[in-house]
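1. pasting a predicted model and its sequence here:
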Amino acid sequence: MKVEHLSGFDFGAAELDPSIFFETAASRLASGGRALAYFALPEGEAHRLVMAVGFDREGRIEVYSTQAYGPFRALTPSFPQLHLFEREIFEQAGLKPEGHPWLKPIRFNTPGAVPGVADYFTVHGSQVHEVAVGPVHAGVIEPGHFRFQCHGERVFHLEIMLGYQHRGLEKKFIGGPDGRSLHYAETLAGDTTIGHGWAYCGAVEALSGVNVPPRAQILRGIMLELERLANHTGDLGALAGDVAYLPAASFCGRLRGDFLNMTALVCGSRFGRNMLRPGGVNFDLDAALIHELKLRLENTFRDVQSAVSLLWETGSVADRFEDTGVVSKEAAEGLGLVGPVARASGVGLDTRRNFSSGPYEGFTLGVSGSGDVYSRAYVRWLEIQKSAELIAGWLDALPAGPVEAECGCLKADSAAVSLVEGWRGQICHFALTGPGGKFRHYKIVDPSFHNWQGLALALRNGEISDFPLCNKSFNLSYCGRDL
Amino acid sequence: MEIIKPLLQCLAALLLSPLLAGVINRVKAFFSGRRGQPLLQLYLELYKLSRKTPVYSRTTTWVFKAGPVIGLSALLAALAVLPFAGRPSFLTFEGDFIFLLYLLGLARFVTVLAALDTGSAFEGMGASREMQFAVFAEPAFFLGLAALARVTGQGSLAGMFGALTGESWRTAAPVLALLTASFFIVLLAENSRVPADDPNTHLELTMIHEAMALDHSGPELAYILYGAALKLWLFASLIACMVLPRHSGSWVLDSALFGLALLGMAAAVGVVESIMARLRLTKVPYLLITAFAFSSLALIFQLGR
């Protein structure tokens, strides 16, 4: 069933016969569709499989659902982008995808499961060795287990095992929205507060049918782009740090802080907490603040420009970035990668353009790339430029009017798909309401959920010493994936 | 008095070598717009570590404990033959440069053995990389010293560097310039500096030398860090002796100039680390082969002179 992005729809109409469901899903995925979400919805003793497919070229979304009582047909063999979704269904609902090539837990949240204890790929031979890294790392980062099968310095395969950050967030939304729902959304991946907060607000607004005032939409845009600026700048600095190129590393680290401080200037939190609310935003900008923001943006952007240009002008940096961790366009499309990572492989997907709404009408961004670390770094730089340009334009022409609209009750027995282009890529929130207008189910798909497998692929046949660099060029979220 | 001087020279090396790391760090901090850690940070760290109780993995044996001790002893012994400001060293004999090379080789060997003794994948990888790169670094250094022996007609380190004068730079400038370049590359690689290695990284998968020290703790880690400082001093002083041949005739003046040259070397390392990224691991051998080519060319030039 065709649905509108960011508007509630009657969920019952999405029902299909099981045989038709899988045929439809397969044909849609084969003809340019990409799975936005695929999950099992509990219905009494049974379950209902729900799939949302996005058609990036047309900016169209379709949702199908079918009853499922037991094992179902795995689509992963034909569509690798579903592999984690089907494993998730198996883990959460106990429905077995028949024919799934590598069925194992992804979050270890079932009774008796111990994080990290599962089957792993193994290699045999006298000259091969395995390296296990994590879940506790040397740096202050999130926990995750990485297992490399190597021949000398060459990596045959990298298997990534996460789940250590699972907090059961999706379940916390059920019965909502309540006072805590928004904060769960804001903190489910702390560096994407605005991204996930907006996706949550978008879902609630769609279900209650409220229109967000233009001024609030633009303010949201400013905050989302500031989040992108801070994180992309930090990423470029971290990439420089990983190849031991000090000047860019230290400058970008400081400049990331400057962008975070601009966010704090608006809403009092460096990560944008409490900025958004369903129906609008909590903080407005006055003339003095707009002036200050413009000034800071101009100065900081100029500094970023000179710090980042060091990266492109230094031969030794280019030599490390180029041809490292290549993900081909075919692989990126096959795995359903999203965000800067996908754009660096030449996939033309940006929610702001393909599913544009609110302040992003008419958004354009060219994409092309060779899929290596260099492209992933360069795409970030292109996006930094674009974000700075967007914010400057918005600050110059901020529409007058209120910054919030009253958000009423949610429609009963409805559903809504909310997409936002967070700095890591497309965020998808799929909200379903029950008879009372309360959340019956809430599905969150962080961009990291799609992209972790891309990192594994980038390492294939690469050098194990390049892993930290590749990892940084993806910079994925552990808690966003583990929920 | 003359007998005391070599002892004083060794004492200076023992006391001042951790300072070089401090200088490198301050130069790097300057380039990246930071204030940087204290100049004496390494001294503080050595003091801190010396007071700690080491922790041992149950899989290790005496080999693991012996590694840092023998490694440091080898470097201390190497100090004895190391010339200082072109002055006679504490111990000098014909062919002592081969003795020096073997001492460095011994230090490397025991470090690698201790790393392998842990059975850790990281340490094994570090050991493998260390040996792989040593295969390229050692010949470059050895050939370089051989060329220098030919230039000066001397068979001992103190003799070679003592015989170098400003005049040598006039008569054998290409040879000495090539040797300086070669030794500087070997210095960077042997002391795990950029572009061969990254001394600051916490990422085990990219480490070379550091990976072998991951499991050491307490005083033994202090031995390793101190040994590394001595090794940097050793290579830096060989280059300093070469680019700044003595001799004003005054021991005090020579020593002061030599000290400044060492600080200059540390600053140069800091500058290199600040302006370039680290090489891809598979390209490190190319860098060392370049050093080897420089040393070989120097020897060929010298033989043809």
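-> Perfect, I can see it now.

2. rest of the way, CA atoms for contacts and neighbours
-> Will do.

3. all strands of the stretch 151-300 of chain A, in order?
-> Listed in chain order, the strands of the stretch 151-300 of chain A (DSSP state E, counting those that start in this stretch) span residues A:154-161, A:276-277, A:280-281.

4. deepest in the core, which of these is it.
-> strand A:280-281 (a mean of 26; mean count of other C-alpha atoms under 10 Å in any protein chain shown).

5. picking up where we left off before, nearest to B:Phe301, of the strands of the stretch 151-300 of chain A?
-> Taking C-alpha to C-alpha, strand A:154-161 is the member of those nearest to B:Phe301, at 39.7 Å.

6. neighbouring contacts of that closest one?
-> A:106, A:116, A:120-121, A:144-150, A:452-453, A:456-457, A:459-464 (C-alpha atoms under 8 Å, 6 or more residues apart in numbering or on different chains).

7. which bits of chain B sit near chain A?
-> B:28, B:31-34, B:121-122, B:194, B:198, B:200-207, B:273-281 (C-alpha under 8 Å from any C-alpha of the partner chain).

8. give me the local confidence score for residue 209.
-> In the absence of a named chain, chain A is used. pLDDT, A:Gly209: 87.

9. wait, chain B
-> 87.

10. and it, what does it touch?
-> So B:His209 contacts B:126-127, B:130, B:192, B:197 (C-alpha under 8 Å, 6+ apart).

11. for chain A, state which of those is nearest.
-> Nearest to chain A among the contacts of B:His209 is B:Asp197, at 8.8 Å by C-alpha to the nearest C-alpha.

12. list only those of the contacts of B:His209 flagged as buried.
-> Neighbour counting over these (16 or more other C-alpha atoms under 10 Å in any protein chain shown) leaves B:126-127, B:130, B:192, B:197 as the buried ones.

13. what's the nearest residue to B:Leu178 if we skip its chain neighbours?
-> Among residues not flanking B:Leu178 along the chain, B:Phe294 sits closest, at 5.3 Å (C-alpha to C-alpha, 6 or more residues apart in numbering or on different chains).

14. so can I have CSV of the buried ones among the contacts of B:His209 showing pLDDT, distance to B:Leu262 and secondary structure?
-> Formatted as CSV, the buried ones among the contacts of B:His209 follow (pLDDT from 0 to 100; distance: C-alpha to C-alpha, whole Å; DSSP: H, G, I helix; E, B strand; the rest coil):
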residue, pLDDT, distance to B:Leu262, secondary structure
B:Gly126, 92, 29, helix
B:Ala127, 93, 29, helix
B:Glu130, 92, 26, helix
B:Ser192, 88, 18, coil
B:Asp197, 87, 21, coil
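
15. as a quick check, tell me the outermost residue of the chain.
-> As the question left the chain open, I've gone with chain A. Ranking residues of chain A by C-alpha distance from their mean position (C-alpha atoms, centre = their mean) puts A:Ser126 at the top, at 40.4 Å.

16. not quite, go with chain B.
-> B:Arg58 (32.3 Å).

17. now for the nearest residue in space to B:Gln154 that is not next to it in sequence: which residues touch it?
-> Excluding the flanking residues, the one nearest B:Gln154 by C-alpha to C-alpha, 6+ apart is B:Met160, at 5.1 Å. Counting by C-alpha under 8 Å, 6+ apart, B:Met160 touches B:148-149, B:152-154.
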